[in-house]
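Peer 1: What would the 3D arrangement of this be:
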Amino acid sequence: MRLRPVIVYGAGGHAKVVIDILEVAGQHTILGLIDDDPYKIGTFFCGYKVLGDMRTLQDWQADPPAIILAIGDNHIRSRLAGRLTRFPFTTAVHPTATVARKVSVGEGTVMMAHAVINPGAVIGNHVIVNTGAIVDHDCIIGDFVHLSPGVKLGGHVTIGSKAHVGIGATVINDVSIGAGSIIGAGAAVVEDVPDGVLAIGVPAGVIKRVEPIP
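Peer 2: Presented below is the predicted three-dimensional model:
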């Protein structure tokens, strides 16, 4: 099998996990990393050289490699994806993740160890389905969403773009969470959550609005 060349964008904690997934999945060869921290350029991270920053990619000439955005912040991932439109994006799926056959997965999405995606789910672009997260049947997950470790979504849940569901949170069937909203760790979401708010607790309640980040 021919391995697909890929560059990992990011050299932080989240990137460690993405790199490990790419290595154990065995479908890519990592050419190096990109990071916008000038102090990291030229150093090695997880055994791979940090080749440069965004300008390094913008100066890339022929045959651009695939990119995977190893950035945990939803808004930063969104901005970077908007600036790298001439590059193809690839996905990273850990071998222990369980992905049903009738699932749609967008470009740039990462599924970590022991994640479960059940039939009928639609996963958007550049989504993070973190360690042990469960997405049950017929859920719709918008672009640039982050489902933290241990999140459990019931069936027919809808998550708006750039929303972040915190560690161990549970969302019951048929509930929607609005774009850009944040669900606190351990929350139990039992009714719809509007766009752009922070909701915490059991049952989850909105405590404040979240300022939109361009």
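
Peer 1: isn't residue 205 right up against residue 199?
Peer 2: Yes: in this structure, residue 205 sits in contact with residue 199. The criterion is C-beta atoms under 8 Å, and the distance is 6.2 Å. To be clear about C-beta, it is placed using only N, CA and C from the backbone, and glycine gets the same treatment.

Peer 1: Who has more neighbours out of the two?
Peer 2: Comparing residue 205 with residue 199 by other C-beta atoms under 10 Å, the one with more neighbours is residue 199, at 25 against 15.

Peer 1: Is the more buried one within a helix or a strand, and which one?
Peer 2: In the assignment (DSSP states H and E), residue 199 maps to strand 197-200.

Peer 1: Tell me the strands beside that strand, with direction?
Peer 2: strand 182-183 (parallel), strand 205-209 (antiparallel) (DSSP bridges).

Peer 1: show me what contacts the residue nearest in space to the middle of the chain?
Peer 2: Ranked by distance to the mean C-alpha position of the chain (C-alpha atoms, centre = their mean), the top residue is residue 128 at 2.2 Å. Applying C-beta atoms under 8 Å, 6 or more residues apart in numbering, one finds that residue 128 lies in contact with 14, 72, 109-110, 112, 145-147.

Peer 1: ok, now residue 144?
Peer 2: The neighbourhood of residue 144, defined by C-beta under 8 Å, 6+ apart, consists of 74-75, 77-78, 81, 124-127, 161-162.

Peer 1: What pLDDT does the model give it?
Peer 2: In the predicted model, residue 144 carries a pLDDT score of 98.

Peer 1: Could you measure from it over to residue 202?
Peer 2: The spacing between residue 144 and residue 202, counted by C-beta to C-beta, to the nearest Å, is 27 Å.

Peer 1: Same check on residue 62?
Peer 2: Between residue 62 and residue 202 the distance, using C-beta to C-beta, works out to 55 Å.

Peer 1: and those two? which has more neighbours close in?
Peer 2: Between residue 62 and residue 202, counted using other C-beta under 10 Å, the more crowded position is residue 202 (13 against 4).

Peer 1: hmm, back to that, and the residue nearest to the centre of the chain, bridged to which residues?
Peer 2: Applying DSSP bridges to residue 128 gives these bridge partners: residue 110, residue 146.
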